[in-house]
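Student: predicted structure and sequence below. I'll ask about it afterward.
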Amino acid sequence: MARAGLEGGQYQPLTQAQIEDIHAASLKVLAETGVHVENERALALYRAGGAQVDGSRVLISAAMVEAALASTPARVLLAGRDPQQDVVLEGRRVYAGTGGSPTMVLDPGADTLRPATLRDVADMARLADALAHCDFVVVPIHPTDVPEADVPVNRFYACLSNTTKHVMGGVGSVEGARAVIEAAEMVVGGPDALRARPIVSAITSWMVSPLHLDTGVTDILLTWCEQGLPVALSSAPMAGSTSPVTLAGTLVQLNAEQLSGVVLTQLVRPGTPVLAGYIPGVADMRTGGYLGGAIEFGMMQAAAAQMAHFYCVPIYGSGGMTDAKLPDAQAGYEKMATLMLAAMGGCNYIHHAFGMLTNMNAASLEQALIDNEVVGMAARVLRGVEVTEASLAAEAIARVGPGGHYLMDDHTLRFMRSEFFYPAVADRQNRATWEAQGKQDTRARAVAQVARLLERHTAPGLPQAVDEAVRHRFRIHTFDAT
Amino acid sequence: MANLMEKIASNLYDGEEDEVAELVQKALDQGMDPQDVLQDGLLAGMDEVGKDFKAGDLYVPEVLIAARAMHAGMNVLRPFLAEGGGTGMGKCVVATVEGDLHDIGKNLVKMMLEGAGFEMIDLGVDAKAETFIDAVREHRPKLVGMSALLTTTMVNMKATIEALQEAGLRDSVKVMVGGAPVTAAFAAEIGADGHAPDAASAVDLARALIA
């Protein structure tokens, strides 16, 4: 029994005709402007696949796109170590989880950042394991206390030993990719077991927008695809600087970038489970900086989901980012808006949804707890208004009659727990009680809850023999897992 | 005469590169002092741009287009300026460090510094330490700027600074670093002279470092 994955798609910013306009414009970009590729293996694959290659410029035809889409799986399993934590990406099913690779952490209650450690990766993974609305773990932090070459396998180890949910992340290098795969194979009992139930997957930010492939990351992408494991493509242009300033123009370029990537994954190995990674950021025209919490980000994310649905390819996206520096009011409204739009857009795999601040630059545990509530509210919206004979309540209305009340009616008792979302962090008490309890704001309440939660929730750990084998095989750094 | 200077400044403000180049030529043809053209025309225009940008009235693309017009004016003016042939701000070498192809931030800083009167030498992306060293030897800049977006490549900033040290060039330049994951603490740790969190601050930092 996999995790629920509620149905999104209630918010559709694009009409069918507009989807087709964007599709046609993207095909034109691929056929006439093309992508810049220096990676020799990728060039050879594109050439063999029928692309017109002129130096490092690769022009991709509509027929190539069509052929690739035909072999791209519409359904991708991202397994948890615990099968109940599986996520199954298909259609408009929506899942949300952690994400980002900040090198900085905001300690509980603090207002300045400090460099992140491997311990922080483990703590955030363990918190994510405990949070009810967190569906998966995208390695949430980049530790600064581990030698760079050891980072990939150590990040994954810190996550896998602290959660039974699916773990996805950047793998740093081809060697990192191999190490992560080998470690995951050891955890599940071999290569076949991992292909059957992939408990890890890779994010490859292979595209430097606009339309320019990163040679090194493309190597990682090709290596990972050859292994037959699920991969998320990721391109993250900024509207106004690395993609057109208009939302439609950014969608055209981003869609072309994604299609070029999907084509490549299917040329390496037809049937590669790939998530099209549309991350439609915005450039701040007043500074040139990156905006994660812009409302247009959420709008474009929903539109991008429509494009992915049009192609029947699962989408990896972003929601719940903010440009705020603290878990404050700005963080609250930016996160809610971008997360809700992505979820209502039917974005299958929404990362960055837990614990991110200053867009992708900092992680915060209490923010993750607050975000659990944001995602929970969005999930309630996706559940919608259930209309059944029982929910219409005709009998209850007749029973209670004019002037009565429903407080003790059977109908109330039957539905009161399931019909409403009950927040854990929000304060709904009367003002006098709130004052008597110390007038705590949202963040202060969340800080207290994080401490309790981390105290209570023990790391699931790895089976002892597996743990020893992984530690024997790789240089695993300590993080004092509790 | 004052009118012509105002015209240069206002055309620069509007980013009209062809007009700025023509007007600078006209001013020189009329026998005006090149130093006055620089100060009262081009730099006066850029000062206005800077003020309105800081006030939030101008956006980055408008500043960049004004900087491009400044550049066009400088191209006409440079041969007539006294030795050094520039604004006196000096040269600055910039690049995205080895392993990293992300160049929007570096390009932004380059254009903003150009607008501030620096003579920019752009080594592009994926620049190895030796590339920086060769450029420093060749161009003798006052400043070296390094950019990185990736957590995996920012370590190459440290390697570059160490290489400059070994080549005996470290003391001849000020080193500034930037990029999304780069912090002031990291800059201090790797022995850079300064860190700027965005392109506009990079201009302020550059000015401070050469002062």
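Tutor: Thanks, I have it.
Student: what does the helix or strand containing A:W434 rub up against?
Tutor: Using DSSP states H and E, A:W434 sits in helix A:431-436. For helix A:431-436, contacts defined as CB atoms under 8 Å, 6 or more residues apart in numbering or on different chains pick out A:427, A:440. All C-beta spots, glycine's among them, are computed from the backbone N, C-alpha and C.
Student: and the helix or strand that comes right after that helix, what's buried?
Tutor: Next in sequence after helix A:431-436, counting helices and strands by DSSP H and E, comes helix A:442-456. Neighbour counts over helix A:442-456 (16 or more other CB atoms under 10 Å in any protein chain shown) mark A:442-443, A:445-450, A:453-454 as buried.
Student: likewise stretch A:233-249?
Tutor: Buried residues in stretch A:233-249 (16+ other CB under 10 Å): A:233-244, A:247.
Student: and the furthest pair within those?
Tutor: A:L233 and A:G240 (22.3 Å; CB to CB).
Student: any idea whether the spatially most central residue of chain A is helix, strand or coil?
Tutor: The residue lying closest to the centre of chain A (CA atoms, centre = their mean) is A:H351, at 1.8 Å. Classification of A:H351 using DSSP: H, G, I helix; E, B strand; the rest coil returns strand.
Student: so it makes contact with A:G100?
Tutor: Yes - look at A:H351 against A:G100 with CB atoms under 8 Å: they come within range, at 7.5 Å.
Student: now the common contact residues for those two.
Tutor: A:V138.
Student: now B:G115: how far from A:I181?
Tutor: 48 Å (CB to CB, to the nearest Å).
Student: higher neighbour count, these two?
Tutor: Remark: of B:G115 and A:I181, B:G115 carries more neighbours, 25 against 22, as counted by other CB atoms under 10 Å in any protein chain shown.
Student: next up, the contacts around that one.
Tutor: B:46, B:49, B:63-64, B:66-67, B:70-71, B:203.
Student: try it again at 7 Å.
Tutor: Contact analysis of B:G115 by CB atoms under 7 Å, 6 or more residues apart in numbering or on different chains lists B:46, B:63, B:66-67, B:70.
Student: of those, which pair is most distant in space?
Tutor: Across these (CB to CB), the longest gap, 10.2 Å, separates B:V63 and B:M70.
Student: burial count for A:T15?
Tutor: 10.
Student: got a list of what it touches?
Tutor: Per CB under 7 Å, 6+ apart, neighbours of A:T15: none.
Student: that one and A:V180, how far apart?
Tutor: For A:T15, the distance to A:V180 (CB to CB) stands at 42 Å.
Student: how about the contacts made by the closest residue to B:M74 other than its chain neighbours?
Tutor: Nearest non-adjacent residue to B:M74, counting by CB to CB, 6 or more residues apart in numbering or on different chains: B:L42, 6.9 Å away. For B:L42, the contact set (CB under 7 Å, 6+ apart) comprises B:8, B:12, B:70, B:73-74.
Student: for B:L42, give me the pLDDT.
Tutor: What the model reports as pLDDT for B:L42 is 94.
Student: please see if the longest helix seen in chain A touches chain B.
Tutor: For chain A, the helix that runs over the most residues, judged by DSSP state H, is helix A:247-268. No - Helix A:247-268 stays clear of chain B (CB under 7 Å from any CB of the partner chain), getting no nearer than 13.9 Å.
Student: dump that helix to PDB, restricted to CA.
Tutor: What follows is helix A:247-268 as a C-alpha-only set of coordinates in PDB (Å, rounded to 0.1, in the frame of the first residue of the first chain):
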ATOM      1  CA  LEU A 247       5.700  33.500 -18.200                       C
ATOM      2  CA  ALA A 248       4.700  31.900 -21.600                       C
ATOM      3  CA  GLY A 249       8.200  32.500 -23.000                       C
ATOM      4  CA  THR A 250       9.800  30.800 -19.900                       C
ATOM      5  CA  LEU A 251       7.500  27.900 -20.300                       C
ATOM      6  CA  VAL A 252       8.400  27.500 -23.900                       C
ATOM      7  CA  GLN A 253      12.100  27.400 -23.200                       C
ATOM      8  CA  LEU A 254      11.800  25.200 -20.100                       C
ATOM      9  CA  ASN A 255       9.600  22.800 -22.000                       C
ATOM     10  CA  ALA A 256      12.100  22.600 -24.800                       C
ATOM     11  CA  GLU A 257      14.900  22.000 -22.300                       C
ATOM     12  CA  GLN A 258      12.900  19.200 -20.700                       C
ATOM     13  CA  LEU A 259      12.000  17.600 -24.000                       C
ATOM     14  CA  SER A 260      15.700  17.700 -25.100                       C
ATOM     15  CA  GLY A 261      16.500  15.900 -21.800                       C
ATOM     16  CA  VAL A 262      13.700  13.300 -22.100                       C
ATOM     17  CA  VAL A 263      15.000  12.500 -25.600                       C
ATOM     18  CA  LEU A 264      18.500  12.000 -24.200                       C
ATOM     19  CA  THR A 265      17.300   9.700 -21.400                       C
ATOM     20  CA  GLN A 266      15.400   7.500 -23.900                       C
ATOM     21  CA  LEU A 267      18.300   7.400 -26.300                       C
ATOM     22  CA  VAL A 268      20.600   6.100 -23.600                       C
END
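Student: what's whichever helix or strand comes after that helix in contact with?
Tutor: Where DSSP H and E defines the elements, the next helix or strand beyond helix A:247-268 is strand A:274-277. Outside strand A:274-277, the residues within contact range by CB under 7 Å, 6+ apart are A:72, A:76, A:89, A:231-235, A:258, A:262, A:265, A:308, A:313-316, A:349.
Student: mind giving me the ChimeraX command for buried ones among these?
Tutor: Buried residues among the contacts of strand A:274-277 (16+ other CB under 10 Å), as a ChimeraX selection:
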select /A:72,76,89,231,232,233,234,235,258,262,265,308,313,314,315,316,349
